[in-house]
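Engineer: Attaching a predicted model along with its sequence, questions to come.
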Amino acid sequence: MILKGVGQKLYDYFLRPRPTLFDIIAIYGIGGVGLVPRPIMGFYLCGFAWVLWMVGFSYPNERNECFPSLTIFCLMAFSSMFIHTFYYCVNSITFQYLNFYLLFEGWVYPFCGCAIFVLLVNKGRNLRLMWVTLPLALIPGIEYAIKGGRGSAIFALGIASLAYFFSKNKKVGFLILFLLASFFLINKDWFMKKWDCRVPLWYDMTFQKPENPVGIQDVLLQKPFEQYTHGVINHPLLGHGYNKLILRDNFFLSTSWGETGLYRQNDYINIAHAMGALIWIPLGMFMWRIFTQVKGSWFLIPCLTIAILSFVQLTMFWGSNALFVVCMLALVYGESLKKKELIWT
């Protein structure tokens, strides 16, 4: 009898109202990102957006949420496609792979992320089964973290839980603080090693101004490779544009860290590097709306975790992580709307 009652509750939670075909494709399509090779996960995100859009033509909106911040964000992303690209001619690498460039290396990647979020929020009738499939999108990231000895996710989740429970239950908050402090002290050397390069890297990503190149070879290579060495301050308003195809994705040559190539472990600076610091305005507007919507709910924990994680490592610039983040934000935003609709009725 107890099992029957629990089963009925699970059935009611996950399958009432009954998911549409759009919901099913969204729910199960997320897990597929873990089945493709890591270099093309970003392409999977773009293809997933197109599929949702095409299937969405057959379904009316369940709600009509508008996001002016995402409109501004997408327009700025689109303009960055034409900014600071190197010159090309017939048969050049840029000319030959222009379609490749427009699909993933250009503005379509952030545009597709925004499209997935808006489609899920407005057309999703019942996406709760996503709680089951969303972890599948995290498998590549978890494997990468274990292999590389990374613990940023634990750090971010701990800080987010600490902030939430201190506002709700001080006793639980102090318990989490104790556990977090213990974990830090036990792994202090590991934490310090991971953080040694981050502050110099963030400084260089923002303020680094390389000396003028010398020699004809340096002059020829300066334009294509400027993303390796130039900080945000060199193009503060419009950004450097996107990857120019022949560069390693999301790498930066940090002169403060022994002229070492490092991953750009900060999404906020990385996105400003590509699109300019003005991109923080629509990004801040969007984040403010998300946090305003989920405040007072435990949904604040995953949202705050994502915000912190994006500050301390690359998150949105990996296809599988980005798909997880976009779908998670859409899910908690939509569920928060449903809860408020029930309160109003």
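Structural biologist: Ah, there it is.
Engineer: For the rest of this, base every contact and every neighbour count on C-alpha atoms.
Structural biologist: OK.
Engineer: Show the subsequent helix or strand relative to the helix or strand bottoming out on mean pLDDT in the chain.
Structural biologist: Here the helix or strand of the chain ranked lowest by mean pLDDT, DSSP states H and E is helix 216-222, holding a mean of 45. Going down the chain from helix 216-222, the next helix or strand is helix 226-229, by DSSP states H and E.
Engineer: helices and strands around that following helix, which ones?
Structural biologist: strand 251-254 (3 or more CA pairs under 8 Å, 6 or more residues apart in numbering; DSSP states H and E).
Engineer: now the strand it packs on: how far from the chain's centre is it?
Structural biologist: Strand 251-254 sits 20 Å away from the centroid of its parent chain (CA atoms, centre = their mean, to the nearest Å).
Engineer: what are the pairing partners of that strand, and which direction each?
Structural biologist: strand 260-263 (antiparallel) (DSSP bridges).
Engineer: Contacts only, for the nearest residue to Leu162 once chain neighbours are set aside.
Structural biologist: Closest residue to Leu162 apart from its sequence neighbours, by CA to CA, 6 or more residues apart in numbering: Gly173 at 5.4 Å. Residues in contact with Gly173 (CA atoms under 8 Å, 6 or more residues apart in numbering) are Ser161, Leu162, Ala163, Tyr164, Phe165, Phe166.
Engineer: I'd like to know which of those are buried.
Structural biologist: Buried by 16 or more other CA atoms under 10 Å: Ser161, Leu162, Ala163, Tyr164, Phe165, Phe166, out of the contacts of Gly173.
Engineer: Tabulate those residues (a markdown table), appending pLDDT.
Structural biologist: Output for the buried ones among the contacts of Gly173, formatted as a markdown table (pLDDT from 0 to 100):
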| residue | pLDDT |
| --- | --- |
| Ser161 | 85 |
| Leu162 | 84 |
| Ala163 | 83 |
| Tyr164 | 85 |
| Phe165 | 84 |
| Phe166 | 80 |
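Engineer: Any chance of the backbone angles for Gly284?
Structural biologist: phi -70, psi -40 (degrees, to the nearest 10).
Engineer: contacting residues around stretch 65-72?
Structural biologist: With CA under 8 Å, 6+ apart, stretch 65-72 has contacts from Cys114, Val118, Val121, Asn122, Pro282, Leu283, Met285, Phe286.
Engineer: hmm, which of those are the buried ones?
Structural biologist: Buried, going by 16+ other CA under 10 Å: Cys114, Val118, Val121, Asn122, Pro282, Leu283, Phe286, out of these.
Engineer: What is the nearest of those to Phe251?
Structural biologist: Lowest distance from Phe251 to these (CA to CA) belongs to Leu283, with 22.5 Å.
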